[in-house]
Structure formats: C-alpha cells, structure tokens
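Enquirer: just a sequence and a predicted model for now, questions to come.
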Amino acid sequence: MSLLYLHYESDERAGRVQKLARSGAHVIVSEPRWPGFWEIAKREKPIAIAVDFSYAPSHALETADYIAKAKETRDAALYLLRVPEDRLDVVRKRLPNAAIVTEPELSERLAVMEREAQKRALEKKEAAAEARRTASAARQAAKKAAGGVPVKPPKAAKKTKPAPAAKKKPAAAPKKKIGAKKSSPPKKKSARPAKKK
C-alpha cells in the first residue's frame with residue numbers, strides 16, 4: 001500500500017515522512033507543484049494521498065481540489081494535514097469527502113489500511129491455492145475414471161452445410177433414327193440455259 005505525501009521541501013518534512021512510514025505504508029514524497037505531483041499520482045496509483053497545508057495553503061487547497069475531482073485519483077482516500085483555522089470552512093465546503101486529520105490520526109488510519117490490504121492479499125493468495133488444488137483433484141479423478149489414460153476433452157462437432165438443391169436438367173433433344181435418310185433441300189434450277197451438244 002502506498003501513500004502520496006505532498007509537502008513543500010522544508011526542515012520538518014523528513015521527520016514527518018518517517019513518522020508516517022512507521023505505519024507500514026510505502027510513503028512517496030513530492031511537492032504539490034504541477035505537473036510533478038500529478039505524474040507521480042498517475043504512475044504510482046496510491047491508495048491514499050495526503051496534502052500538507054503548512055506552506056502555501058491556497059496552493060495546497062487547489063492541489064487537493066484537483067486531486068479530488070480528477071478521474072485517475074478521485075477514488076483514493078484524501079487526507080488534509082495542518083489546515084489553518086481560518087480556512088477550515090472553505091476547505092470543508094470544497095472538499096466534503098476529504099478527511100482533515102492530524103499526523104497521529106493519519107498514521108493510525110494508514111496502519112489499519114495496511115492491515116486490511118495484507119488481509120485481502122492473503123485471502124486472494126489462499127483462494128488461488130485452493131483453486132489450483134481443486135483443479136488438480138479434478139484432473140486426477142478424471143484420469144482414474146479413464147483407467148490411467150489421460151482424458152482429452154471432446155472435440156467440438158463440425159457444422160455441416162446443407163446439401164445444395166438438385167438442379168433440373170433441360171429436356172434432351174429427340175434422338176435421330178439410325179439409317180434414316182437425310183432430307184435434303186430441293187435443288188434450285190440454274191438460271192443458265194443448258195448447253196447443246
């Protein structure tokens with residue numbers, strides 16, 4: 001599980017990161033500057049994002065607002081640290097789903113999230129192992145039923161095309177009789193006079 005922690009470079013940032021890391025979460029640190037924090041959020045896909053308001057609170061509010069509304073990060077849990085008293089109303093109005101927390105509260109929530117993530121990962125691993133065992137048992141049972149010969153799944157039946165309809169043959173011409181005389185057309189008389197001998 002990873003936490004993206006957005007905090008400007010300062011003397012106290014390193015100590016704050018160490019406290020958050022004790023929760024068991026993998027802490028990724030960046031400044032709330034565009035587009036650096038955004039590229040990291042898209043690449044790392046953190047389960048939670050914490051924005052520290054101790055420096056440049058207006059800029060931190062704009063960053064948190066963008067994170068809360070963006071498609072890639074709106075499902076991540078959003079935590080706000082050190083929100084100034086005079087900005088609490090504005091922050092609550094603009095970010096109703098963000099939790100305003102202290103550092104110890106955030107560490108505690110991260111520890112709970114880390115335990116839940118580990119539990120889910122263990123359940124997933126056990127379910128995969130059980131599925132493998134079930135599949136292996138089914139293969140063994142099929143092998144036994146076939147007398148030790150590996151059983152192949154049946155082949156899918158081929159689709160057959162319907163036979164084409166028989167074409168009607170044209171009627172045969174009447175056959176000529178053998179030995180019949182051919183009728184020849186009458187001879188034309190020549191227009192020339194015959195020669196006298």
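Expert: Sure thing, it's come through.

Enquirer: pLDDT below threshold where in this protein?
Expert: Within the chain, the stretches with pLDDT under 70 are 148-197.

Enquirer: distance of the residue nearest to the spatial centre of it from residue 45?
Expert: Per Cα atoms, centre = their mean, the C-alpha nearest to the average position across the chain is that of residue 72, at 14.5 Å. For residue 72, the distance to residue 45 equals 8 Å [Cβ to Cβ, to the nearest Å]. No exception for glycine: its C-beta is placed from N, CA and C like everyone else's.

Enquirer: got the buried residues for the helix or strand where residue 39 lies?
Expert: Assigned by DSSP states H and E, residue 39 falls within helix 36-44. Across helix 36-44, burial judged by 16 or more other Cβ atoms under 10 Å covers 37-38, 40-41.

Enquirer: and for stretch 16-27?
Expert: Neighbour-count burial for stretch 16-27 flags 16, 20-21, 23, 25, 27 (criterion: 16+ other Cβ under 10 Å).

Enquirer: give me the number of residues near the nearest residue to residue 101 once chain neighbours are set aside?
Expert: Using Cβ to Cβ, 6 or more residues apart in numbering and skipping residues adjacent in sequence, the residue nearest residue 101 is residue 79, 5.2 Å away. By the criterion of other Cβ atoms under 10 Å, residue 79 has 23 neighbours.

Enquirer: ok, residue 80 next?
Expert: 24.

Enquirer: now it: closest residue in space, sequence neighbours ignored.
Expert: Per Cβ to Cβ, 6+ apart, closest to residue 80 is residue 100, 4.9 Å.

Enquirer: that neighbour is in contact with residue 89, isn't it?
Expert: No - counting by Cβ atoms under 8 Å, residue 100 sits too far from residue 89 to count as a contact (11.4 Å).

Enquirer: of those two, who's got more company?
Expert: Using other Cβ under 10 Å, the more surrounded residue of residue 100 and residue 89 is residue 100, with 15 against 9.

Enquirer: tell me the contacts of the more buried one?
Expert: 79-80, 83, 88, 91-92 (Cβ atoms under 8 Å, 6 or more residues apart in numbering).
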